[in-house]
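# Using only what follows, build the 3D model:
(chains A and B)
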Number of protein chains: 2
Amino acid sequence: MSESFGFCERCGQGMSQRVPEGDNRLRRVCDACDHIAYENPKTVVGCLLEWQGKVLLCKRAIEPRSGYWTLPAGFMENGESTIAGAAREAWEEAMARSDDLSLFALYSLPRISQVYVMFQGTLRDGYACANEETSEVRLFDEADIPWQDIAFPVVTETLERWFERHDLRVPVVHCGDITNRPGEPLEILRHPS
Amino acid sequence: MSESFGFCERCGQGMSQRVPEGDNRLRRVCDACDHIAYENPKTVVGCLLEWQGKVLLCKRAIEPRSGYWTLPAGFMENGESTIAGAAREAWEEAMARSDDLSLFALYSLPRISQVYVMFQGTLRDGYACANEETSEVRLFDEADIPWQDIAFPVVTETLERWFERHDLRVPVVHCGDITNRPGEPLEILRHPS
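A predicted model of the protein is given here:
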């Protein structure tokens, strides 16, 4: 039985996998109309919100990593900017309003073809609330962060870099590539910025 | 005649447009198998390469904006990091090798649902070469940049910020949202970083 590469979104006929003319990568190409289904990395936008020195974390109510703690973050939508998407995710996942967002870190996750764009900012009025996506919200001091129960490596890395920021005299945006799976030891290639 | 929303990549049947349960946005949903075709912004990765104070620009040999000058940049591929993609684009568009890449700017283009991740670095050996995608490569001093013939607003913004960097005593990563079309006056909302 031959492998299936799905159907063409344009004409509905079967797709096969080949390197199109002038290209150098395997793509899904329509056998009938030659439409090429390009697949590209997805951008996840999120934020680290501070209130009186504490950081807002959300306990995930949905898979993957349900029950683990995370920063508000999710897939960027068409038609929005990264900063607007980060604010939207804070609202959708924690009913949180964010002020003074600024770019904090950019991480590539080539294993799962994702790019994380993380902002930092202030949690307005210190208010957040659980909902369908989040079973619990809490403000954590650095000493209380549940490091063993963080949902994703990129969240661990973001939190670690943020808590050390007070040692820095200049604003820095972090950049790196993360390659481990959730629950595995952090593997990161940090790039200078 | 009803509007067509294409076909399902999973089962090949027709799609319609509606808000899925638990969602708040219009998506393309399969009438037969309920598959949801999420569409998300694409990430463009590129770089500004310097050689002895001059900047490498490429004259585009392909549409859009054929004949206009640009920085090496293109769609990020699955399985690569942003920094690796930027180096790949420099090679593919200008046969250029890049050293010491570091993150320089992150721009959202919500009008066309793209995110630009721009790195800065050194052009190895000062070497670049035209090819299928690029009709001409050239190293420009700031005074010689063809500002009226730059392909895209995001390239203009990147070049302007880079040439003013010498006035800054600390490394800064720029972040903003660009909303004008190519050829129109630059419209940008710059975010603090």
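
# Which other helices and strands does the lengthiest helix in chain A contact?
Identified as the longest helix of chain A according to DSSP state H is helix A:82-94. With contacts defined as 3 or more Cβ pairs under 8 Å, 6 or more residues apart in numbering or on different chains; DSSP states H and E, the secondary structure elements packing on helix A:82-94 are strand A:42-51, strand A:54-60, strand A:73-75, strand A:98-109, strand A:114-123, strand A:134-140, strand B:98-109, strand B:174-178. The way it works is simple: take the backbone N, C-alpha and C, and place the C-beta from them, glycine included.

# Measure how it sits relative to strand A:54-60, angle-wise.
For the pair helix A:82-94 and strand A:54-60, the angle between their directions (axes from the mean of the first three to the mean of the last three Cα atoms, to 10 degrees) equals 60 degrees.

# distance of the residue most central in space within chain A from A:Arg181?
Within chain A, the residue whose C-alpha comes closest to the C-alpha centroid is A:Val44; the distance, by Cα atoms, centre = their mean, is 3.5 Å. Separation of A:Val44 from A:Arg181 (Cβ to Cβ, to the nearest Å): 16 Å.

# cool, and A:Ser135?
Here the distance between A:Ser135 and A:Arg181 works out to 23 Å (Cβ to Cβ).

# ok, these two, which is more surrounded?
A side-by-side neighbour count of A:Ser135 and A:Arg181, using other Cβ atoms under 10 Å in any protein chain shown, places A:Ser135 first with 14 against 11.

# Tell me, how many residues neighbour the nearest residue to the residue nearest to the centre of chain A once chain neighbours are set aside?
Closest residue to A:Val44 apart from its sequence neighbours, by Cβ to Cβ, 6 or more residues apart in numbering or on different chains: A:Tyr116 at 4.9 Å. Under the neighbour criterion other Cβ under 10 Å, A:Tyr116 is assigned a count of 21.

# same deal with A:Lys54?
17.

# Kindly report the same for A:Gly121.
By the other Cβ under 10 Å criterion, the neighbourhood of A:Gly121 contains 21 residues.

# do the same with A:Ala94
Residue crowding around A:Ala94 was assessed by other Cβ under 10 Å; the count is 26.

# same question, A:Asp100
Residues lying near A:Asp100 (other Cβ under 10 Å) number 13.

# try A:Gly22
Summarising burial for A:Gly22: neighbours were counted as other Cβ under 10 Å, giving 7.

# Check A:Ile178 too.
If you count neighbours by other Cβ under 10 Å, A:Ile178 ends up with 23.

# coming back round to it: need the contact partners of the longest helix of chain A.
Taking contacts as Cβ atoms under 8 Å, 6 or more residues apart in numbering or on different chains, the residues outside helix A:82-94 that touch it are A:43, A:45-47, A:49, A:56, A:58, A:72-74, A:76-77, A:80, A:96-98, A:101, A:103, A:117-119, A:128-131, A:133-134, A:137, B:106, B:108, B:110, B:115, B:175, B:177, B:191.

# Show me chain A divided up by domain.
Under the assignment named as automatic domain parsing, the residue ranges that make up the domains of chain A are A:1-39, A:42-191.

# Just say which of the ones you listed is most tucked in.
domain A:42-191 (a mean of 18; mean count of other Cβ atoms under 10 Å in any protein chain shown).

# now the nearest residue to A:Leu103 once chain neighbours are set aside: how far from B:Thr158?
Sequence neighbours aside, B:Cys175 is the residue nearest to A:Leu103 in space, at 4.2 Å (criterion: Cβ to Cβ, 6+ apart). Distance of B:Cys175 to B:Thr158, computed by Cβ to Cβ: 12 Å.

# And for A:Arg10?
34 Å.

# Please spell out the segments of chain A that come in under the pLDDT threshold.
For chain A, the stretches flagged by pLDDT under 70 are A:1-2, A:166-171, A:193.

# and the gap between A:Arg60 and A:Ile178?
When A:Arg60 is compared with A:Ile178 (using Cβ to Cβ), they lie 18 Å apart.

# do the same with A:Asp100
Counting by Cβ to Cβ, the gap between A:Asp100 and A:Ile178 amounts to 26 Å.

# what does A:Leu186 give?
Remark: distance between A:Leu186 and A:Ile178 (Cβ to Cβ) = 7 Å.

# where do the contact lists of these two overlap?
Common contact partners of A:Leu186 and A:Ile178 (Cβ under 8 Å, 6+ apart): A:153, A:157.

# how far off strand A:42-51 does the longest helix of chain A point, in degrees?
Helix A:82-94 and strand A:42-51 are oriented at 70 degrees to each other (the same axes, to 10 degrees).

# can I get the CA coordinates of helix A:82-94 in CSV?
As requested, the backbone C-alpha atoms of helix A:82-94 are provided in CSV (Å, rounded to 0.1, in the frame of the first residue of the first chain):
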residue,chain,number,x,y,z
THR,A,82,3.3,39.5,17.8
ILE,A,83,2.8,42.0,20.6
ALA,A,84,-1.0,42.0,20.1
GLY,A,85,-1.0,38.2,20.0
ALA,A,86,0.9,38.0,23.3
ALA,A,87,-1.6,40.4,25.0
ARG,A,88,-4.5,38.3,23.5
GLU,A,89,-3.1,35.1,24.9
ALA,A,90,-2.8,36.6,28.4
TRP,A,91,-6.4,37.5,28.2
GLU,A,92,-7.7,34.2,26.8
GLU,A,93,-5.6,32.0,29.1
ALA,A,94,-5.7,34.0,32.3
